[in-house]
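Participant: need coordinates for the following:
(one chain, ligands or ions: 2)
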Amino acid sequence: MEKTIDESKQGQHLVLEQKEGNTRKLFIESYGCAMNFSDSEIVASILSEQGFNTTQSLEDADLVLVNTCSIRDKAEQTVRKRLEKYNAVKRINPKMKVGVLGCMAERLKTKFLEEEKIVDLVVGPDAYKDLPNLLAEVDEGRDAINVILSKEETYGDIAPVRLNSNGVTAFVSITRGCDNMCTFCVVPFTRGRERSRDPQSIIEEVNDLWSKGYKEITLLGQNVDSYLWYGGGLKKDFVKASDMQKATAVNFAQLLELCAKAQPKMRIRFSTSNPQDLTLDVIETMAKYDNICKHIHLPVQSGSNRILKEMNRLHTREEYFELIDHIRRILPECAISQDLISGFPTETEQDHQDTLSLMDYVKYNFGYMFTYSERPGTMAERKMEDDVPEDTKKRRLAEIVQRQREHSEIRTKEYLNTTVEVLIERQSKKSEDQWSGRTSQNIVAVFPKEHYNIGDLVNVHVKDCTSATLIGTALGYSKYN
Ligand code: SAH
Ligand code: F3S
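Facilitator: Ligands and ions are numbered 1, 2, ... in the order given. Okay, the predicted model is just below:
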């Protein structure tokens, strides 16, 4: 499971928008992070110009695309299993073509075509604009591959086809790639160097979403706070930019402000923040605008200074606490969430205790927790032995998860007998008489439907809660509705 995309959505492939006159059928499903789900919308957009409409039925598809994740071994195994399923369908419909997109395509390259006979097409995350050419090859019966990583590509000029949309919330990607080189992470290898998207095209997308009725956007990047537009090109090449480019550059705090001002009633979220890049300017901008949601996803990975160093995370435990203190001071109502890894190479019992004590200090609202999974080609894989036994990793993870559960419960209880603002997103999974939405802090809230509708912003009085969900009744529309 990856942040912002919950388990129930993994592999999702529902569709809404269709283009008239298109006759070919595309079945596309996505695994992994929000960026992959966003990329699939770009792919659907490119292919809708090639005569493809999306279908929910695998059996009917002319083309099956799977957008893949490499972050942990388990994510890759899930995709391998899906390929077996496609294989079974292909036996009945031999004309069906199968393509692999995303991080596994980039990581395995031609090996995919050798290992998985069913695969006709392999396309890396920066090569989706080449899909029309690649499909022409496939139509002629040849395997096709493009896994070239780009220094420029941001897909800023492509209006995504919204897939799986509730018509209320949407992702807007603002950066691609990552320059951080955390030693455990495969992303810099599969998604390439960091580059930012033209703010003009971001604002246009936000305005377009608002005009179509969307009420909340999430600005997406592997490391959003490192956003920097100076006219295009890699983040690392900014040093070579002209004085003019430097003077007119737009950083993340400025972009956030531009978005908040462009649509003052649109709720704005962002993910993911890297502690070393989250600036006071960003926190202050969040404080200045009511429509910027008060939630920061701030992965820490470990509470031990020694492990943070081995992970090449460029901050200490003390610096992280300082950042948390700033957030609490400037944004007292802000929710904070985490990513943590148990069992990184050489992690001792004391390192693990440091992680638990860091959690005690922050008391995160929620988090995403994983056991360490060694990824081929990463620095950790090349230089360190994966020496923490699997059962130790699992036991430590269970302790971390248990601690998080306790903290989530404390945090959720803080909202009892208060009024929160909820954007209605969908019917509650547990009851058809209830709406489900999220607060500014990204906490799920459920309440009786009454006369309210999906997309309404409603004040909800919280009467009860579980460790993850607020339960209440609506008091009326929010003043921002
Ligand atoms: N900055 C990225 C992080 C991507 S990876 C973002 O925007 O989401 C998401 C999370 O997966 C990381 O924060 C980390 O906690 C976890 N992760 C990454 N590589 C991992 C590995 N090799 N083993 C276990 N967990 C990993
Ligand atoms: Fe991965 Fe670290 Fe970047 S976790 S995505 S290398 S910030």
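Participant: which of the three states applies to the closest residue to residue 265 other than its chain neighbours?
Facilitator: Nearest residue to residue 265, sequence neighbours excluded (Cβ to Cβ, 6 or more residues apart in numbering): residue 480, at 5.9 Å. The C-beta positions use only the backbone N, C-alpha and C, and glycine is treated the same way. On the three-state scheme (DSSP: H, G, I helix; E, B strand; the rest coil), residue 480 is labelled coil.
Participant: for this structure, which spans come out with low pLDDT?
Facilitator: 1-17 (pLDDT under 70).
Participant: in CSV, list the C-alpha atoms belonging to whichever helix in it runs longest.
Facilitator: Longest helix in the chain, counting residues (DSSP state H): helix 390-413. Output of helix 390-413 as CSV, limited to C-alpha atoms (Å, rounded to 0.1, in the frame of the first residue of the first chain):
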residue,chain,number,x,y,z
GLU,A,390,12.3,-11.1,8.6
ASP,A,391,10.6,-12.0,11.9
THR,A,392,12.4,-9.2,13.7
LYS,A,393,11.4,-6.7,11.0
LYS,A,394,7.8,-7.9,11.3
ARG,A,395,7.8,-7.8,15.1
ARG,A,396,9.2,-4.3,15.1
LEU,A,397,6.6,-3.3,12.5
ALA,A,398,3.8,-4.6,14.6
GLU,A,399,5.1,-2.5,17.5
ILE,A,400,5.2,0.6,15.4
VAL,A,401,1.7,-0.1,14.0
GLN,A,402,0.4,-0.6,17.5
ARG,A,403,2.0,2.6,18.7
GLN,A,404,0.5,4.5,15.8
ARG,A,405,-2.9,3.0,16.5
GLU,A,406,-2.7,4.4,20.1
HIS,A,407,-1.7,7.8,18.8
SER,A,408,-4.4,7.9,16.1
GLU,A,409,-6.9,7.2,18.8
ILE,A,410,-5.6,10.0,21.0
ARG,A,411,-5.6,12.4,18.0
THR,A,412,-9.1,11.4,16.7
LYS,A,413,-10.5,11.8,20.2
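Participant: contacts made by that helix with the rest, please.
Facilitator: With Cβ atoms under 8 Å, 6 or more residues apart in numbering as the test, helix 390-413 has contacts from 335, 338, 340, 342-343, 347, 352, 355-356, 359-360, 363-367, 369-372, 443, 465-470.
Participant: where does residue 171 fall, phi/psi-wise?
Facilitator: With angles defined as degrees, to the nearest 10, residue 171 sits at phi -90, psi 140.
Participant: so what's the residue nearest to it when sequence neighbours are not counted up against?
Facilitator: Nearest residue to residue 171, sequence neighbours excluded (Cβ to Cβ, 6+ apart): residue 38, at 4.2 Å. By Cβ under 8 Å, 6+ apart, the contact list for residue 38 reads 160, 171, 172, 173, 220.
Participant: can you do 7 Å?
Facilitator: Applying Cβ atoms under 7 Å, 6 or more residues apart in numbering to residue 38 gives the contacts 160, 171, 173, 220.
Participant: just the buried residues out of these, in ChimeraX syntax.
Facilitator: Selection of the buried residues among the contacts of residue 38 in ChimeraX, burial being defined by 16 or more other Cβ atoms under 10 Å:
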select :160,171,173,220
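Participant: between the contacts of residue 38, which is nearest residue 263?
Facilitator: Nearest to residue 263 among those: residue 171, at 15.5 Å, using Cβ to Cβ.
Participant: element containing whichever residue of the stretch 251-400 of the chain sits closest to ligand 2?
Facilitator: The nearest approach of the stretch 251-400 of the chain to ligand 2 comes at residue 274, 5.0 Å away (Cβ to the nearest ligand atom). Using DSSP states H and E, residue 274 maps to neither a helix nor a strand.
Participant: any idea what the residue in the stretch 301-450 of the chain that ligand 1 sits nearest to is bridged to?
Facilitator: Here the stretch 301-450 of the chain gets closest to ligand 1 at one residue, residue 339, 3.4 Å apart by Cβ to the nearest ligand atom. In this entry, residue 339 is beta-bridged to residue 368, by DSSP bridges.
Participant: so how far is residue 371 from the residue of the chain positioned farthest from its centre?
Facilitator: The centre of the chain is farthest from one residue, residue 140, which by Cα atoms, centre = their mean lies 35.7 Å away. Applying Cβ to Cβ, to the nearest Å, the value for residue 140 to residue 371 is 45 Å.
Participant: check residue 290 too.
Facilitator: Counting by Cβ to Cβ, the gap from residue 290 to residue 371 is 39 Å.
Participant: ok, these two, which is more surrounded?
Facilitator: Neighbour count, other Cβ atoms under 10 Å: between residue 290 and residue 371, residue 371 has more, with 20 against 16.
Participant: domain parsing for the chain?
Facilitator: Here the domain parsing of the chain from automatic domain parsing is 2-146, 169-413, 419-477.
Participant: distance to residue 153 for those - can I get that in a markdown table?
Facilitator: Converted to a markdown table, these look like this (distance: least, Cβ to Cβ, whole Å):
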| stretch | distance to residue 153 |
| --- | --- |
| domain 2-146 | 5 |
| domain 169-413 | 7 |
| domain 419-477 | 30 |
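Participant: between the contacts of residue 38, which sits nearest ligand 1?
Facilitator: For those, the nearest to ligand 1 is residue 220 (7.8 Å; Cβ to the nearest ligand atom).
Participant: who in the stretch 151-300 of the chain is up against ligand 1?
Facilitator: 184, 185, 187, 222, 223, 272, 299 (Cβ under 6 Å from any ligand atom).
Participant: what helix or strand is the closest residue to the first one other than its chain neighbours on?
Facilitator: Pointing back at residue 184 there. Counting by Cβ to Cβ, 6+ apart, residue 184 lies nearest to residue 380, which is 4.8 Å off, once chain neighbours are set aside. Per DSSP H and E, residue 380 falls inside helix 379-383.
Participant: what's the following helix or strand after the strand or helix carrying residue 42?
Facilitator: Assigned by DSSP H and E, residue 42 belongs to helix 34-48. Counting by DSSP H and E, the element after helix 34-48 in chain order, helix or strand, is strand 52-54.
Participant: what about the residue of the stretch 1-150 of the chain found nearest ligand 2, how many residues nearby?
Facilitator: The stretch 1-150 of the chain approaches ligand 2 most closely through residue 71 (8.3 Å), counting by Cβ to the nearest ligand atom. Counted with other Cβ under 10 Å, residues neighbouring residue 71 total 20.
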